[in-house]
Every structure is written in structure tokens, then in C-alpha cells.
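K.L.:
Got a predicted model here, sequence first, then my questions.
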Amino acid sequence: MTAEIVRSACPHDCPSACALEVERLSPTRIGRIRGARDLAYTAGVVCEKVARYAERVHHPDRLSEPLRRIGAKGEGCFTSISWDDALQETAEAFEKAAARSGPESVWPYHSGGTLGVLQRWGMERLTNVMGYSRENGTICMTPSFSGWNAGVGTLRGVDPCEIAEADLIVVWGGNPVHTQVNLMSHIQRARKERGAKLVVVDVYQTPTVAAADIPIILRPGTDGALACAMMNVILADGLADTDYLARLTDFDDNVRRHLESRTPAWAAELTGLDEQTIVDFARLYGQAERSFLRLGIGFTRSRNGATNMHAVSCLPALTGAWQQPGGGAFFVNLDNFGLDTTLAHGLDALKPETRALDQSRIGGILLGDTDALHHGPPVNAMLMQNANSAAVAPDSAAVRTGLEREDLFLCVHEQFMTETARYADILLPAAMFLEVDDVYMGWGHTSLVMGRRVLEPFADCRSNHEVICGLAKLLGAEHAGFELSAWELVSLMLKDSGLGSAEEAANRGWIDRAHDFAKAHFLEGFGHADGRFHFQPDWSAIGPYHEGLPTMPDHWDAVEAANPEQPFRLVTPPARTYLNSTFSETPTSQKREGQPCVMVHPEDAAELGLVEGGPARLGNARGELVLAWRPAAGQQRGVLVSEGVWPGSAFADGFGVNLLIGGDPVAPSGGAAFHDAAVWIKAETASSALAAE
Ligand SMILES: Nc1nc2c(c(=O)[nH]1)N[C@H]1C(S)=C(S)[C@@H](COP(=O)(O)OP(=O)(O)OC[C@H]3O[C@@H](n4cnc5c(=O)[nH]c(N)nc54)[C@H](O)[C@@H]3O)O[C@H]1N2
Ligand SMILES: Nc1nc2c(c(=O)[nH]1)N[C@H]1C(S)=C(S)[C@@H](COP(=O)(O)OP(=O)(O)OC[C@H]3O[C@@H](n4cnc5c(=O)[nH]c(N)nc54)[C@H](O)[C@@H]3O)O[C@H]1N2
Ligand code: SF4
Ligand SMILES: [Mo]
């Protein structure tokens, strides 16, 4: 077979949004996928899981036809039905729910399975036109957005390709070797060409930490303390840029006095680091002209995550590093793409008074938590696309009990029989990105990446857009967006945004939306109305749960603290070859990841009497689960780490790690504290408690 190479874009929830070169073997088959060499950020690299995407797109377990549930909810027994009947039953259930309790009792729900600007968020067109409950998409970045906006005031930063021009690179609370491998190429370039140093701040020995010149391993949820003590040293050593502070920030004597009280000794106590490590890191950072701070999201998945993000984001404002090439900070790019999505997302039909339910609180919402429901009607009907909430959302026990409700109608549009799909009344087979047209925002770089369809859809699969348009027709929802094909909508979106021809963009592969140096480095001002970086944030302007947040960069004592009953702190970061719950179905990922496992400090393990090779039981008031454990010296005592969102079937009781994670909203705007749970751990004697491998 001769392969043709065609361009596409990775749709997965990953900052890299790689431009891809796909080997197309026939109209229905692909070979290998490679990273495009000509997009600077991708630079010819993709992660191993997408390189072998043939395994996923041609997987024998892909859903291939619409199904109706015949067994109990969650059991996973279905019978096949036609598309017409499946859509008809779904539309009727929506109409019934709306007639009984109003349109807000219908909740269309999307998550990050695809980040297609059309195929993910296009669902909102139906929501808006019908007046259904809207969704507040908090599950991933909300705490980090809040913290970044508090200081910087807009969701953008320095082009990460500039890392190649930095002398000091700090990866803070992120694990790019797992979560966005491309970043490592840019870091390696700076190290090779400029002798740049890499500092990585994390809570365990990740492969990114292993690659660092200077690893900093602190206690979870204490990054604000470390950042404040660094600022204390930088000020004391005269390394702050006072001219910059006066010109472009709200720094004043109150901030100075406050930071003078945040000493390395104070931070050492909280972080578990020794004082000298803090002082050395502060001096290294303060003395480097070209310091590039690459902030991850991991360190914000705590109840004090927004305040930690804010405190860390103060560092380049204090030193004035923003002014240098290769200097400043990057966390996310979202406010630079300038896309007009009015037509695609039906923004012209949006009714602002309609409630927006917090995605992360799906458990409480389904169980009738009046606060989470905004004191409105219950949710009685749902359509879920790109979402596997039964596995990925916090407080899994509540989520599952909610999904089991007999009076809830659930339509799930999926590619595989996920844990969530098992609860569906109607289960629809979804096309994959290679089978649909879309455009993607590179939130970890600066480009919009074009994803034109590469393959014919598999079996009877339909795209998200087709499902939404099909339902709109049956429900009598009227909007121009329901009458257009995906490619027509993408083309009009680019045209309305002044970005030219979609055809041309697709041939090139992407549209660069980088700002010029002055704008990217905030030389002319930050995102706030006063143009200044805010050391003194106004949290009340950011979110509703602002009570008690510190008004200065600080350590905020708000985490789920260890206590005598639950003396350990659990962190649940991404596995290398799973992406959230995705890829847990592909054989090479399964082989590489092995089985669910918790990493325990060897001294803790010895004290607990954990038996090498034996299982451990982990729990808190929310539930218990059994998994393998292994000793890991590269984390502080009292810290447990379990990588990956595993399917429930990997555990004896069918529940994965999110059983232990709280569903309370993170201050000030909501979100989930995935790396912030207090737990106990003990040796599990009956090895039969581990699920069969
Ligand atoms: N292979 C793979 N890639 C992925 C994903 C995946 O699941 N697997 N998920 C994708 C998604 S949806 C996202 S949002 C991104 C997320 O990518 P990242 O920004 O990398 O964020 P996290 O994955 O949450 O966590 C990253 C690191 O934060 C550390 N961490 C946890 N708590 C703390 C803390 O209190 N302080 C500090 N300093 N560090 C802490 C964790 O140990 C982990 O190593 O990655 C995407 N890429
Ligand atoms: N314990 C713990 N839990 C976490 C995290 C963590 O670090 N630790 N990370 C959290 C984060 S950052 C995130 S973003 C969430 C992600 O949560 P989700 O977005 O719900 O999880 P994913 O596994 O990325 O994708 C969900 C499903 O989308 C399906 N899908 C993919 N493409 C399409 C499509 O085009 N159409 C349709 N209909 N379906 C599609 C996939 O098959 C997959 O089953 O998980 C969160 N959960
Ligand atoms: S690194 Fe991220 S964006 Fe690139 S191919 Fe892998 S999952 Fe997709
Ligand atoms: Mo995410």
C-alpha cells in the first residue's frame, strides 16, 4: 500500500494541540502519525499515544451502532436500534423533561474528549436556542484561570517557543514529559544552545523532575509559601526591579512589608523544603535576566490552587523578567485567538439568565443539591458528548448514584463503552477526529491548528455536530448553524474572525495568532483596566467564593489537611500513556501502565508494614479502594501519588481514584481539587482484593 501524507490536528485535551502528518493508507485506514515539522511548537514531535493512533481509530471495541439500554443502569447491556429511533427517543425525553420541570431540567454536557472548537462547544448552540441549563466548564483549568487572572488579568503569556532563548527555565507544577512532550524539545534547545538551567517544582519524582538540573520537591498545596519566601529573598537581596514595579504593577509598601514577613524559615516549615534550598532557588531566579516560568496546572488542583497560582505568577513581575526575550511566564493562551464563534456556538441565542451548572459538581447536581442546582429545577435529562464523568469527575460515588437515578434520562455519545456510557439509556456511536472537520486552539502555543477530515467515518458513527443538528431538527430548534456542514461552519468562523480562507489555512495546517513582542510581554500593560500587574488581587471580581482569600500573595491554609484519621495527602496526576480516561482502551497504553498503583515513601511504607509486592487499601470518609503500591523515595513523607484515571474495571469494587476526591467547589470560581485529598493507607492482606489483571 502506498501511503499518502495528509495534515490534521490532535483533538485531545493537551496544551500541545499538535499539527499532525497522518499516513493515510486508504479512505478508511491510517498508518503512523507524526508531528508536523513546520509548525514551530510541534517541531516534528508527537507523544507516543498519538503516534500509534491507528490502535485507537481501528480498535475492535469501537462503538459502531446506536444502542438502547436493556439491562440495569450501569450494567452495560444494550440492544441495537436505528439512528432515527435513537434520536427520536432522545428528543422525546428532552421534551418530556422540559414539559414537566421547564427547559432548565435538560442539561447538555460536554467535556474535553475533543477540544474541537466546533465539535466540542457546538453543543451550546442547542443549549442556547432551547433555553436548556448551560454548563460552567470548570473541571480542568478554573482554579488556575482564577489565579492567573487575579494578577495578569488576561489568559495569555509569552510564546513558549521563546523558551529556547531563556537562561533559566522553571517548570512549576507541570509534568510535560507526560502531559505535553513538545515542551521538552524547546527546553532541551535552550539547554544545548545557551547552557540554560532547568528547575522543576513538583511533589514527586516525575520524569520531568528527573530531567531537571535543580529538582524542588515540596508538600502538595504549599507553592504559595515557596513563591512568597522567594520574593522575600529577592527583595532582601535588592534583586527586584523597582522601576518596573512602579511603572507596571500595584506593588507598594504594604506588599513589601507583607513579603518581609514571609521568610524562608516560615516557608521551610510549610513546604518541607530546607531554608537553604529556598534561598538558593530565589537567588538563581532573582539573578537570571532571562527567566522563563512555565506554569503547569497540577499545582492549582488544590483548594488553595488559585492563590498558589497568583503567588507564583508574581515572580516575573517582581524581577521584571517580562521585559526580556526568553523571559516572563506562560501558563495558557486562550485570549489571543480572536475567534468569532457567534454562529458556531449560537451565542446570538444565549440567554444570560439561564443557569450555568458547574460541570465538576455533576454528582451533587444529579442528587438534587439545591445550591449546586442554583435553587432551580432538578436535572432530569442529559446529553453527554466527550465526557466520561463516572470516571473523571470528583466524588465518584455521588456521580454514579446520580447516574443510576431511574427518573434521569441519559443519552451518551461515545467512541467506547466507557463507565459513563454504561449508564446511558441511549448510547450513540461517535466519529473520531480523523473522521470530522474542525479547528483547534493551541492553548499551549500560539496557533489555531486546522483539522480537516482524513477518513470516512467508521461504521455507523456520526460526528458531534451531526448529532446536535439531528436533535435540533426533531426539537424544532431554529438556528442557521444547524443548517450548515461542519466545514461550512469552520469556514464561516474563520471568515467572521477576519482570518481568511479555511481552505488555505487547512493546506498550510494552521494560523499563527502570536502577538508581537511588546504585547506578548505586556510591555504596554497587563490585562486589568489599570494596565498593571496586581500583587493585591480583587478576588471578588473573579468568582463568587471569594470570602477569606488572602488579599496579598500568600500561603492560604485551605487544603484538606492530613489529620490523625487520614494522615496522608493524596495526589492523582496524569499517567504518561493515558490522557485523562482516554487511551485506557489501547493495548500499548495498557501494557505500559500495567495496573493502578500508589507510590509510597519507603519510610512510610516500612512504618505502615506494607508488604513489598502486596496490595494496599486506601480510603477516607468518601470510600475505599485497593490497589498495588510501590516505594518511591522522591516525594516527601506523608505524600501518596497515584497516576492516571483508570477505568473502574481495574479495581475490585469498580471505583477508581476519584472515589476519594471531594466534590466541593474550589475558591473563588469552582473547579475540582484532584490533587488535594486526605486519606489513610494500610496493608491489604487478601491479595484477591486486587482486580483480575
Ligand atoms: N499523558 C497525558 N497527557 C495529558 C493528560 C493526561 O492525563 N495524560 N491530561 C491532559 C490535560 S486534560 C491537562 S489539563 C494537562 C495537565 O497537565 P499539567 O499542567 O502537567 O497538570 P497536571 O497534570 O494536573 O499535574 C502536573 C504535575 O503537577 C504536580 N502537582 C500536584 N500537586 C502539586 C502541588 O501542590 N505543587 C506542585 N508544585 N506540583 C503539584 C503533579 O505531581 C504533576 O506532576 O495535561 C494534558 N496531557
Ligand atoms: N483523579 C483525577 N481526575 C481527573 C484529572 C486528574 O488529574 N486526576 N484530570 C481532570 C482533567 S484536567 C480533565 S480535563 C478531565 C477530563 O475529563 P473528560 O474530558 O471527561 O475525559 P477524557 O478522557 O479526556 O474524554 C472523555 C471521553 O470523550 C470521548 N471522546 C473523544 N472524542 C470524542 C468526540 O469527538 N465525540 C464524542 N462524542 N466523544 C468523544 C472519549 O472516548 C472519552 O471517553 O478529567 C479530570 N479528572
Ligand atoms: S502531545 Fe498532546 S497534542 Fe500532541 S499528539 Fe500528544 S496528546 Fe496530542
Ligand atoms: Mo484538563
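P.N.:
Right, received. Where do you want to start? Since the model is a prediction, treat every value here as computed from it, not as a measurement. Ligands and ions are numbered 1, 2, ... in the order given.
K.L.:
Would you pull up the residue in this protein closest to ligand 4?
P.N.:
Going by C-beta to the ion, ligand 4 is nearest to Cys140 of the chain, at 3.2 Å. Heads up, the C-betas are built off the backbone N, CA and C, glycines and all.
K.L.:
In contact with that residue, which residues?
P.N.:
13, 112, 297, 671 (C-beta atoms under 8 Å, 6 or more residues apart in numbering).
K.L.:
distance of the closest residue to the third one other than its chain neighbours from Gly305?
P.N.:
In other words, Ile297. Closest residue to Ile297 apart from its sequence neighbours, by C-beta to C-beta, 6 or more residues apart in numbering: Ser144 at 5.1 Å. Distance of Ser144 to Gly305, given as C-beta to C-beta, to the nearest Å: 7 Å.
K.L.:
swap in Asp84?
P.N.:
Counting by C-beta to C-beta - Asp84 and Gly305 are separated by 46 Å.
K.L.:
Could you do Asn254 as well?
P.N.:
24 Å.
K.L.:
ditto for Asp557
P.N.:
To Gly305, Asp557 is 13 Å away according to C-beta to C-beta.
K.L.:
again with Met417
P.N.:
Met417 is 33 Å from Gly305, by C-beta to C-beta.
K.L.:
do Leu87 as well
P.N.:
Distance from Leu87 to Gly305, counting by C-beta to C-beta: 40 Å.
K.L.:
neighbour count winner among those two?
P.N.:
In this view Leu87 and Gly305 are compared by other C-beta atoms under 10 Å, and Gly305 has more residues nearby, 33 against 22.
K.L.:
Verify the contact between that one and Ala673 for me.
P.N.:
Yes: applying C-beta atoms under 8 Å, one finds Gly305 in contact with Ala673, separated by 7.1 Å.
K.L.:
anything in contact with each of the two?
P.N.:
143, 666.
K.L.:
So what does the closest residue to Leu20 other than its chain neighbours look like in phi/psi?
P.N.:
In space, Leu20 comes closest to Ser8 once its chain neighbours are excluded; the distance is 4.5 Å by C-beta to C-beta, 6+ apart. Here is the backbone geometry of Ser8 (degrees, to the nearest 10): phi -160, psi -170.
K.L.:
Please look at Ser8 and Met432 and confirm they touch.
P.N.:
No: using C-beta under 8 Å, Ser8 makes no contact with Met432, being 10.7 Å away.
K.L.:
Comparing these two, which residue is more hemmed in?
P.N.:
More crowded of Ser8 and Met432, by other C-beta under 10 Å: Ser8, with 28 against 22.
K.L.:
can you count the residues close to the residue of the stretch 401-550 of the chain found nearest ligand 1?
P.N.:
Using C-beta to the nearest ligand atom, the single residue of the stretch 401-550 of the chain nearest to ligand 1 is Gly444, 8.8 Å away. Counted with other C-beta under 10 Å, the neighbours of Gly444 add up to 23.
K.L.:
my guess is it is in a strand, correct?
P.N.:
No: using DSSP: H, G, I helix; E, B strand; the rest coil, the secondary structure at Gly444 is coil, not a strand.
K.L.:
for the stretch 551-693 of the chain, what spans make up the strands?
P.N.:
Applying DSSP state E, counting those that start in this stretch to the stretch 551-693 of the chain gives strands spanning 568-571, 597-600, 615-620, 623-631, 639-641, 677-683.
K.L.:
The ones you listed: which one's closest to His58?
P.N.:
His58 sits nearest to strand 597-600 of all the strands of the stretch 551-693 of the chain, at 29.2 Å, using C-beta to C-beta.
K.L.:
how far away is the residue nearest to Ile297 from Asp159?
P.N.:
Distance from Ser144 to Asp159, by C-beta to C-beta: 19 Å.
K.L.:
The two: who's more crowded?
P.N.:
Ser144 (28 against 22).
K.L.:
quick one: which helix or strand includes that one?
P.N.:
helix 142-151 (DSSP states H and E).
K.L.:
so where's the stretch 551-693 of the chain uncertain?
P.N.:
Counting by pLDDT under 70, the stretch 551-693 of the chain contains low-confidence ranges at 686-693.
K.L.:
Residues of it that sit close to ligand 1?
P.N.:
Within the stretch 551-693 of the chain, the positions near ligand 1 by C-beta under 6 Å from any ligand atom are 571, 573-576, 578-580, 675.
K.L.:
Turn those into JSON lines, including neighbour count and distance to Leu608.
P.N.:
Shown next, in JSON lines, are these (neighbours: other C-beta atoms under 10 Å; distance: C-beta to C-beta, whole Å):
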{"residue": "Val571", "neighbour count": "23", "distance to Leu608": "18"}
{"residue": "Pro573", "neighbour count": "22", "distance to Leu608": "22"}
{"residue": "Pro574", "neighbour count": "19", "distance to Leu608": "26"}
{"residue": "Ala575", "neighbour count": "23", "distance to Leu608": "24"}
{"residue": "Arg576", "neighbour count": "21", "distance to Leu608": "27"}
{"residue": "Tyr578", "neighbour count": "23", "distance to Leu608": "27"}
{"residue": "Leu579", "neighbour count": "24", "distance to Leu608": "32"}
{"residue": "Asn580", "neighbour count": "21", "distance to Leu608": "30"}
{"residue": "His675", "neighbour count": "24", "distance to Leu608": "21"}
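K.L.:
biggest helix in the chain by residues?
P.N.:
The residue-count maximum for a helix in the chain (DSSP state H) belongs to helix 83-101.
K.L.:
what about it, near ligand 2?
P.N.:
No: contact of helix 83-101 with ligand 2 (C-beta under 6 Å from any ligand atom) is absent, the minimum separation being 13.5 Å.
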